[in-house]
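Peer 1: how would this look folded up:
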Amino acid sequence: MEVLSYSSAPCCDAVNLRWKLIVKSTSSHQFSLPGFRKNRVLGAKFDVRRKFLSCYNLDQPFLKQLHHQGGFRSLNTSENFKHVGQILSNGSSDGYVIGGEEDASISETGEPVTKVLIPGLPDESKGKSGATVSSCFWEWKPKFNVHYEKAGCENVGSPPVLLLPGFGVGSFHYEKQLKDLGLDFRVWAIDFLGQGRSLPFEDPAPRNEEEGVSETKDVLWGFGEKSEPWASELVYSIDLWQDQVRYFIEEVIGEPVYIAGNSLGGFVALYFAACNPHLVKGVTLLNATPFWGFLPNPTRSPRLSKIFPSAGSFPLPPTVRKLTEIVWQKISDPKSIAEVLKQVYADHSTNVDKVFSRILETSEHPAAAASFASIMLAPQGQLSFRDALSRCHMNNVPICLMYGKEDPWVKPLWGLQVKQQVPEAPYYEISPAGHCPHDEVPEVVNYLLRGWIKNLETRGLVALPLLDAPEGMQNNIARDLEFVRDGAKKVVNVRFFASKVSVWDFISSYIISRLRKLELKS
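Peer 2: Here you go, the predicted structure:
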């Protein structure tokens, strides 16, 4: 008989502060369970509350599928538990529990916090190279060139993952996911049209040669009096982006995907899933913005929409051009870009040099200012965020919520509203982390995303990340996730909220965390 754990990345060790010795490992004996036929392959999971080991007889088709995806591997105590000592197989993704009261910490509720050791990012200096990332272009329509990056395409049969960026950034913002998750999955990250490197290669609305313009204005595309035929109906809106995602999945990926999005990308991911549930295996929202578009939708509010002089289409009116040039000069200034990054990242020790340089590079493109104006003037989508969430819920689209607690823009209150609308969705609150947790604490986000996908792929055989037993889940679970970055240990707190969550859970968490910060300052 072979006891298997579902793990494609190196095992992490979870330090449990409340449970005693369950099984002693030795370097000379294979970990096994007595009393079962040797020709039967089992999955095993320990229920920490009832203190018994559950075994599963896996049917062959399901087993073959998981082997094909690279998900199962044998447990060998000499390999995995050599330096662990006391162990407890907890059934969670990539985790084992080891005892030890000496490292106990206290949660906001006064309960001991379990420390979980998770893998860091691939470290080339230690011979652990990440997945190879390729940069590509895909021509969706004539002149509509979509830039995207991909990794792990050699992982045939593994789950496909599509990553959608926030406003003002692009696929480069997911480099840490591509290199890490690309070791297990097939991963794509795209640039929305009008952003990143998916800006047009030609002027969508060129000005006449005889038109007198200043040297500054001459470098900006899209402000002519007549648009090119290919750009006559171009509007950089959420409806355009959800169409872009649909065709990308159908023509480039070729199968349903797990889709994750940060900020604006979270809204697009949810919007797309609501319109195309057959193409989505699950949606992860990373500090998703709960609204997008400031002008009324012409279909939903035809009379109101006529009041506004522009709906973001080319050519942009002269008044819009003048205002855009003033605003663009301010927001594209390197000091402004640096200030925004400082605001949205909770941990200022995070290296954002590469992100800064890529944003600055995009802002210098001649089409960037007009694209920004088109985005700002684009009407709201056919569906609101709440409508899209309701549709996904109605169509049983799995949703996972991951929110940085110190986000100055999309505060935890917005995540609470989403959680209340889809109470069955796992909610992970990460601290310290700001608006872009996937870039600020990628080790944590990758660990949670990897585990959530495994939970769905195994139909619940692998427990959700940080849950010691999926049955009878606690309402509020706190874990300190520890990992190594640049040779030093780093700890991030993650709280899991189950189905029964109230406003008080969030309010009390916020008040206590603020009081503790004041105590530390004093």
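Peer 1: The stretch 51-200 of the chain: strands as residue ranges?
Peer 2: 52-57, 72-74, 86-89, 95-99, 105-106, 112-117, 133-141, 144-151, 160-164, 186-190 (DSSP state E, counting those that start in this stretch).
Peer 1: tell me the mean pLDDT over the second one?
Peer 2: Average pLDDT, strand 72-74: 37.
Peer 1: again with the longest one
Peer 2: The average pLDDT within strand 133-141 is 96.
Peer 1: Can you give the domain ranges for this protein?
Peer 2: The record, using automatic domain parsing to delimit domains, assigns the chain the ranges 2-124, 196-235+293-380.
Peer 1: Worst mean pLDDT among these?
Peer 2: Mean pLDDT per stretch puts domain 2-124 lowest among these, at a mean of 44.
Peer 1: mind listing what's buried in stretch 371-379?
Peer 2: Using 16 or more other C-beta atoms under 10 Å as the test for burial, stretch 371-379 gives 371-379. No exception for glycine: its C-beta is placed from N, CA and C like everyone else's.
Peer 1: What is the nearest of these to residue 353?
Peer 2: For these, the minimum distance to residue 353 (C-beta to C-beta) is 23.2 Å, reached by residue 372.
Peer 1: quick one: the closest one is in a helix?
Peer 2: Yes: checked against DSSP: H, G, I helix; E, B strand; the rest coil, residue 372 lies within a helix.
Peer 1: Disregarding residues adjacent in the polypeptide, which is nearest to it?
Peer 2: Distances taken as C-beta to C-beta, 6 or more residues apart in numbering put residue 328 closest to residue 372, at 6.4 Å, once the chain neighbours are dropped.
Peer 1: Spatially nearest residue to residue 144 (excluding sequence neighbours)?
Peer 2: Distances taken as C-beta to C-beta, 6+ apart place residue 193 nearest to residue 144, at 6.3 Å, with adjacent residues excluded.
Peer 1: Looks like that neighbour contacts residue 242 (just checking).
Peer 2: No: taking contacts as C-beta atoms under 8 Å, residue 193 lies outside contact range of residue 242: 11.4 Å.
Peer 1: follow-up on the earlier one: how much space separates the residue nearest to residue 144 from residue 170?
Peer 2: Note on residue 193: its distance to residue 170, by C-beta to C-beta, to the nearest Å, is 11 Å.
Peer 1: ok, now residue 316?
Peer 2: Taking C-beta to C-beta as the measure, residue 316 and residue 170 are separated by 22 Å.
Peer 1: and if you look at residue 376?
Peer 2: Residue 376 is 18 Å from residue 170, by C-beta to C-beta.
Peer 1: what residues does stretch 339-358 touch?
Peer 2: With C-beta atoms under 8 Å, 6 or more residues apart in numbering as the test, stretch 339-358 has contacts from 169-170, 172-173, 175, 196, 334, 337-338, 404-409, 431-436, 439-441.
Peer 1: so residue 449 sits in a helix?
Peer 2: Yes: counting by three-state DSSP, residue 449 is part of a helix.
Peer 1: count of residues packed around residue 273?
Peer 2: 27 (other C-beta atoms under 10 Å).
Peer 1: same deal with residue 452?
Peer 2: A count of nearby residues for residue 452, using other C-beta under 10 Å, gives 23.
Peer 1: Which positions in stretch 115-132 come out as buried?
Peer 2: 115-122, 130-131.
Peer 1: Next one: residue 274 relative to residue 204, how far apart?
Peer 2: 29 Å.
Peer 1: nope, residue 116 is what I was after
Peer 2: According to C-beta to C-beta, residue 116 stands 50 Å off from residue 204.
Peer 1: same question, residue 165
Peer 2: 22 Å.
Peer 1: Residue 227 too?
Peer 2: Counting by C-beta to C-beta, the gap from residue 227 to residue 204 is 6 Å.
Peer 1: In terms of neighbours, single out the busier of these two.
Peer 2: Neighbour comparison, residue 227 and residue 204: the larger count goes to residue 204, with 26 against 19 (by other C-beta under 10 Å).
Peer 1: What separation do you get for that one and residue 300?
Peer 2: Residue 204 is 27 Å from residue 300, by C-beta to C-beta.
Peer 1: tell me the SS of the residue lying closest to residue 232 once chain neighbours are set aside?
Peer 2: Excluding the flanking residues, the one nearest residue 232 by C-beta to C-beta, 6+ apart is residue 314, at 7.4 Å. Of the three states, residue 314 takes coil according to three-state DSSP.
Peer 1: list the contacts for residue 314?
Peer 2: Taking C-beta under 8 Å, 6+ apart as the criterion, residue 314 is in contact with 204-205, 222, 227-228, 231-232, 234, 370, 374.
Peer 1: related to what we said a few turns ago, what count of nearby residues applies to the residue nearest to residue 372?
Peer 2: 17.
Peer 1: ok, it touching residue 369?
Peer 2: Yes: with contacts counted by C-beta under 8 Å, residue 328 reaches residue 369, the gap being 4.2 Å.
Peer 1: Let me see the contact set for residue 167.
Peer 2: So residue 167 contacts 195, 263-264, 289, 375 (C-beta under 8 Å, 6+ apart).
Peer 1: Quick one: those as JSON lines, columns for distance to residue 416 too.
Peer 2: Compiled in JSON lines, these are given as follows (distance: C-beta to C-beta, whole Å):
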{"residue": "195", "distance to residue 416": "29"}
{"residue": "263", "distance to residue 416": "17"}
{"residue": "264", "distance to residue 416": "20"}
{"residue": "289", "distance to residue 416": "15"}
{"residue": "375", "distance to residue 416": "28"}
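Peer 1: filter the contacts of residue 314 to the buried ones?
Peer 2: Applying 16+ other C-beta under 10 Å to the contacts of residue 314 flags 204-205, 222, 227-228, 231, 234, 370, 374 as buried.
Peer 1: Just the ones in helices from those, please.
Peer 2: 370, 374 (DSSP state H).
Peer 1: Nearest to residue 476 among the buried ones among the contacts of residue 314?
Peer 2: Ranked by distance to residue 476 (C-beta to C-beta), the buried ones among the contacts of residue 314 are led by residue 374 at 43.5 Å.
Peer 1: wouldn't that closest one be in contact with residue 312 here?
Peer 2: Yes: under the contact definition of C-beta under 8 Å, residue 374 touches residue 312, with a separation of 4.2 Å.
Peer 1: Need the residues touching each of these two.
Peer 2: Common neighbours of residue 374 and residue 312 (C-beta under 8 Å, 6+ apart) are 235-236.
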